[in-house]
Structure formats: C-alpha cells, structure tokens
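Q: Attaching a predicted model along with its sequence, questions to come.
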Amino acid sequence: MTRVIGLTGGIGSGKSTAADMLGRLGGAVIDADDLSRALTAPHGGALEAIRAAFGAAMAPPGQGLDRRAMRERIFRDDEARRRLEAILHPAIAAEIDRRLPEARGAYVLLVVPLLFETGRYRQRVDRVVVVDCSEALQVARAAARSSLNPHEVRAIMSAQWPRWRRLQAADHVLWNGAGLASLEAQCRQLHETLAGG
Ligand code: ATP
C-alpha cells in the first residue's frame, strides 16, 4: 500500500495551503476537515445522529449543521463537545479507512488537525509532517479567513498541543512563517524526500 504521511499543525498554521501544494506535486490528499464538512452538509451521513443528540433545530430538515450554533453550544460545554466528537470522529475515521486503500499518488497525505491530540491516527501514518508558524501569525491568518474572532482562535489554540510539543513529535517540519514562495520551495523539497522513499 502507498505510504501514508500525516500532516498536522495548529489552527491557521497553513495545513490546507501546504496540502494543496503537495497535492499538486503528486501526493494524494485526504483531508479530515473536508470529510467532517461532508458528513455535516445537507444530507450528510452524520446529521441524523446529530439531530438525535442535539435536537432538530441544530440541523433543520433539508439543511446541514448550523455550525455557528453548534460552536456556541460546545464552546463551554465539554459534555456536549464529547457527544459531538463521539458521533463525528468514528465516522471520519471510517471514511478515511474506506478511502486509504483507493488513494493513488506518490504517497497519501492524511491531513488531520488533531492528529497528535486524538491519538486515533498515529498507527495509521508512517511519518508526520508538522506545519508551523508563530502564534501571532496563526491568530492573524485564522481570524482573517474564518468567522472566528482572535479571542475564539486563541481559545481553540489553548485546547491544541503547544507548538513545542508538536515540533518535538514531528518527522518533518514545514516552516510557514514567511511567504507562500518559501512554503512552496519547502514543499518541493519535502515532496522529493517523501516520494523517494
Ligand atoms: P485551519 O486550522 O483553520 O483549518 P489551516 O492550518 O488549514 O487552517 P490554511 O487554511 O492553509 O491553514 O491557512 C490559513 C490562512 O492563511 C488562509 O487564508 C491561507 O491562504 C493563509 N496563508 C497560509 N499560508 C500563508 C503564507 N505563507 N502567507 C500568507 N498567507 C498564508
């Protein structure tokens, strides 16, 4: 089977950007966030279980998950967060297991934001690439791109592993503290390494 490379990093570090670059170079990309969005989009496979656990208002018939409402619901309620994760995480993992054997590429990149934190994927990946940048850049990029404000980004960061711990556990690091050209150059080099064995 094709080698599986985990790709992770803190919120806003540049995981999707790096995965796109490596994908264009020839890696097959499976993105856990994309799978999660598909499971909670209109007619997504996780909606029935979410309605049963949280009420129909969280995903009205014919509509997908109300993401902002769910985020507010689980922000300070750990039990609700665990219930949501108990629905989504096994469904995402099952979809990944279904796709992995079919993936065609020089290697398969498994993009998982909480790869280290959940532990679930460590035995599925042969190596781990960490995308890293300063916390200030993480906040600026994540807040500029999403509906989250800097305070909410910081709250998410505090639930993730700190940078030093991720960097210590990494087999490869992509430093995304400079411009896109710098990241692209690093991706080219990493691609050669990963594709070469
Ligand atoms: P999340 O954890 O929120 O899913 P992510 O780690 O996948 O985020 P990206 O979506 O790749 O991060 O990047 C976050 C934002 O920062 C995007 O708008 C992206 O275009 C931008 N970005 C990423 N890398 C750079 C860079 N080197 N220079 C400038 N902007 C960048």
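A: Thanks, I have the structure now.

Q: Name the residues of the helix or strand encompassing E79 that come out as buried.
A: E79 belongs to helix 78-99 when assigned by DSSP states H and E. Neighbour-count burial for helix 78-99, counted by 16 or more other Cβ atoms under 10 Å, picks out R83, L84, I87, L88, A91, I92, A93, E95, I96. All C-beta spots, glycine's among them, are computed from the backbone N, C-alpha and C.

Q: Now V29: phi and psi?
A: When read as degrees, to the nearest 10, the backbone of V29 gives phi -110, psi 130.

Q: Specify the local secondary structure of the nearest residue to it once chain neighbours are set aside.
A: Leaving out its chain neighbours, the residue that sits closest to V29 by Cβ to Cβ, 6 or more residues apart in numbering is G23, at 4.3 Å. Classification of G23 using DSSP: H, G, I helix; E, B strand; the rest coil returns helix.

Q: Helix or strand with the lowest mean pLDDT in the chain?
A: Least confident element among the helices and strands of the chain, by mean pLDDT, DSSP states H and E: helix 67-75 (a mean of 88).

Q: Determine whether any part of that helix lies close to the ligand.
A: No - contact of helix 67-75 with the ligand (Cβ under 6 Å from any ligand atom) is absent, the minimum separation being 12.9 Å.

Q: Figure out how far that helix is from the centre of its chain.
A: Here the centre of helix 67-75 is set off from its chain's centre by 18 Å, with Cα atoms, centre = their mean, to the nearest Å.

Q: Then stretch 176-183?
A: With Cα atoms, centre = their mean as the basis, stretch 176-183 stands 20 Å off its chain's centre.

Q: Mind listing what's buried along that stretch?
A: For stretch 176-183, a neighbour-count test (16+ other Cβ under 10 Å) marks N176, L183 as buried.

Q: Residues contacting that stretch, please?
A: 9, 13-14, 17-18, 21, 131-134, 137, 174-175 (Cβ atoms under 8 Å, 6 or more residues apart in numbering).

Q: Using the three-state scheme, assign the residue sitting furthest away from the middle of the chain.
A: Going by Cα atoms, centre = their mean, the residue of the chain most distant from its centre is P61, 27.2 Å out. Taking three-state DSSP as the rule, one finds P61 in the coil state.

Q: Many thanks, have a good one.
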